[in-house]
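J.: Could you look at this predicted model? Sequence included:
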Amino acid sequence: MSRDRAIAWWLLTIALMVLGMVAFGGLVRLTGSGLSITEWRPVTGTLPPLSSRAWEIEFGKYKASPQYQLENSHYSMAQFQFIYWMEYGHRLLGRSILLVLLLPLMYFKRQGWLDRKIWRWTVTLLALGALQGFVGWYMVKSGLVDVPQVSHFRLTAHLLMALATFSYALWHAIGLFWPPRTDLEATFKPLFRPVLIFSSALLIQIVLGGFLAGLKGGHLFSTFPLMAGKWGHPAVWVESPWWMNFLENPAMINFLHRSLAMLLTLSGFVMGLVFWARLGCVRLRRAMIVLLCVLALQVTLGILTLIHYVPTSLASLHQVNAFLLWAVCLFLLQQARIHSPHEAMLPGALTPSEAP
């Protein structure tokens, strides 16, 4: 295997593991397992309780938490162990990403591939991973004080850190799998800018999704597109001052999230119809089709999650599919940025020099 492909697979593996951690994290949140481990021990916490006495100690710590006292005082040891293993598995997966990040470096060194670029990527991913772990504990800590609910701001920060790590690894992996053609024109601006705008709106939508999850706003209105029979329910403007509705009001976040979803769906399909027949690169045309398919799946999952009162399976799939939609946007941005107008051209297709 060539140097670039080996490094690309390494980065792609890290991105996929981060995606797996996001999926697992969604299940942890939806099953109420995130507050079951009340301490952050990055090293000693690697091992789970290994004896009955150790389990009793961990259960005792959990009994002192607001979640147990206010919500789960009826829990048996078996029920506690279930939520503990969920959270433990989530943290263990995060630690395993560290190994996948560092162990291949020995192989790269043996092959003579350890240059400044790989070290820069490694250090950046390590920093992102460390910050992700810290933000994760900072989030959990907010639910261990008085109310057994984590701050939606900290939850969203944790989600965005995962997105940043995922994006950084995937962006460079894409660039290595499909490197730029330096001998030819390297941009296709008519596609790059619309996808950049679409991706920016998608990022806002992901932030709104984090807020909605943290505030449990998806449970408020189980109808679509209307909210309890109205386009704009009066509940969206109950906070004072008015701007607090955009930060703290779950009804407003629900309204914004569903409204932006409809706008993204419309703009995505318009962008696809406008550019698909005009793209000169087969790879870009296929990526645009994938974008529209994933977008259609995302809005379908969102609606089903809403009308079925946020079941764990659908909510988790909706979250993971948002990352997949983001990944397709990254691919289009990367490829549009490096697109060669003479690579895999289709008859009658629009090239950058012919674009309006």
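T.: That came through fine.

J.: so where is this protein shaky, pLDDT-wise?
T.: By pLDDT under 70, the weakly predicted segments of the chain are 1, 180-189, 280, 338-356.

J.: quick one: the strands in it?
T.: Taking DSSP state E, the chain contains no strands at all.

J.: got the CA positions of stretch 47-58 in PDB?
T.: C-alpha atoms of stretch 47-58 as PDB (Å, rounded to 0.1, in the frame of the first residue of the first chain):
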ATOM      1  CA  LEU A  47     -10.900  -0.500  34.300                       C
ATOM      2  CA  PRO A  48     -14.500  -1.100  35.400                       C
ATOM      3  CA  PRO A  49     -15.500  -2.500  38.800                       C
ATOM      4  CA  LEU A  50     -14.100  -6.000  39.100                       C
ATOM      5  CA  SER A  51     -15.700  -7.200  42.300                       C
ATOM      6  CA  SER A  52     -19.000  -7.000  44.200                       C
ATOM      7  CA  ARG A  53     -17.400  -4.600  46.700                       C
ATOM      8  CA  ALA A  54     -16.300  -2.300  43.800                       C
ATOM      9  CA  TRP A  55     -19.800  -2.300  42.300                       C
ATOM     10  CA  GLU A  56     -21.300  -1.400  45.700                       C
ATOM     11  CA  ILE A  57     -18.900   1.600  46.000                       C
ATOM     12  CA  GLU A  58     -19.800   2.800  42.500                       C
END
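
J.: what comes up buried for that stretch?
T.: Across stretch 47-58, burial judged by 16 or more other C-beta atoms under 10 Å covers 55, 58. From N, CA and C alone the C-beta is placed, and that goes for glycine too.

J.: how far out from the middle of the chain is that stretch?
T.: 33 Å (C-alpha atoms, centre = their mean, to the nearest Å).

J.: What lies in contact with that stretch?
T.: Stretch 47-58 is contacted from outside by 37, 77, 80, 81, 84, 85, 88, using C-beta atoms under 8 Å, 6 or more residues apart in numbering.

J.: outside of stretch 110-128, which residues touch it?
T.: Everything outside stretch 110-128 that qualifies as a contact, by C-beta under 8 Å, 6+ apart, is 3, 6-7, 11, 14, 98, 101-102, 105, 108, 161, 164-165, 168-169, 172.

J.: so how far is stretch 3-10 off the chain centroid?
T.: So, by C-alpha atoms, centre = their mean, the centroid of stretch 3-10 is 23 Å from its chain's centroid.

J.: what's that stretch in contact with?
T.: Contacts of stretch 3-10 (C-beta under 8 Å, 6+ apart): 1, 100, 104, 107-108, 111, 113, 118, 172-173, 176-177, 179.

J.: Next: stretch 217-236.
T.: Stretch 217-236 is contacted from outside by 211-212, 245, 249-255, 257-258, 262, 303, 305-310, 315, using C-beta under 8 Å, 6+ apart.

J.: Apply 7 Å and report the result again.
T.: 212, 245, 249-255, 258, 303, 305-307, 309-310 (C-beta atoms under 7 Å, 6 or more residues apart in numbering).

J.: got it, and stretch 153-167?
T.: Contacts of stretch 153-167 (C-beta under 7 Å, 6+ apart): 15, 18-19, 21-22, 125, 128-129, 131-132, 135-136, 138-139, 142, 206-207, 210-211, 213-214, 323, 326, 330.

J.: Out of those residues, which end up buried?
T.: Counted by 16+ other C-beta under 10 Å, those give 15, 18-19, 21-22, 125, 128-129, 132, 135-136, 139, 142, 206-207, 210-211, 213-214, 323, 326, 330 as buried.

J.: now, which of the residues you listed lie within helices?
T.: Using DSSP state H, 15, 18-19, 21-22, 125, 128-129, 132, 135-136, 139, 206-207, 210-211, 213-214, 323, 326, 330 are the members of these that sit in helices.

J.: ok, back up a step: list buried residues within the contacts of stretch 110-128.
T.: 6, 7, 11, 14, 101, 108, 161, 165, 168, 169, 172.

J.: Farthest-apart pair in these, please.
T.: 6 and 161 (26.9 Å; C-beta to C-beta).

J.: Quote the end-to-end distance of stretch 270-281.
T.: Using C-alpha to C-alpha, to the nearest Å, the span of stretch 270-281 from its first residue to its last is 19 Å.

J.: how about the helices in the stretch 101-250 of the chain?
T.: 104-110, 116-141, 152-177, 189-215, 245-248, 250-276 (DSSP state H, counting those that start in this stretch).
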